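>>> Need the 3D shape of this:
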Amino acid sequence: MALFPPFLKPVTLLRRRAIVLGLRGGDQKPTALLRRRAVVMGLRGEDRRWLAVGATFLAYQKAKELLGKGTPRVVHTEQLDPGERFIILHSPAAPKKARRARRRA
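Have a look, this model is predicted:
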């Protein structure tokens, strides 16, 4: 059983509020509204709570950049001549250890 009906979910309400305010289209993430509100209210409006929300977003974004999460690693680069093909093969995954074996290791 759902805690909220679909039309009262917090994500849905944030999207509706953002569309009403004209801040974004309906296809963007609700965090964009919070980030934009944090900048406007925290830095320009001098509200400390929104400033804390903005600092949290900034810290999370910088941590993702520093840890390299989501950045792909280049494995191979080569110039192809006309008529040559490039085939991508995936190696089979290593068999997973059982949970107990992972804990013991």
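>>> how near is the residue of the chain most remote from its centre to T77?
Most distant from the centre of the chain: G83, at 39.4 Å, with distances by Cα atoms, centre = their mean. The gap separating G83 from T77 is 19 Å, by Cβ to Cβ, to the nearest Å. (Each C-beta comes from the backbone N, C-alpha and C, glycine too.)
>>> again, but for A59
According to Cβ to Cβ, A59 stands 34 Å off from T77.
>>> Neighbour count for the two, which is higher?
A count of neighbours by other Cβ atoms under 10 Å puts A59 above the other of A59 and T77, at 10 against 5.
>>> So which elements touch the one helix or strand the more buried one maps to?
Taking DSSP states H and E as the criterion, A59 maps to helix 48-67. Contacts defined by 3 or more Cβ pairs under 8 Å, 6 or more residues apart in numbering; DSSP states H and E place helix 48-67 against helix 30-38.
>>> Give me the average confidence score over the helix it packs on.
Averaging pLDDT along helix 30-38 gives 79.
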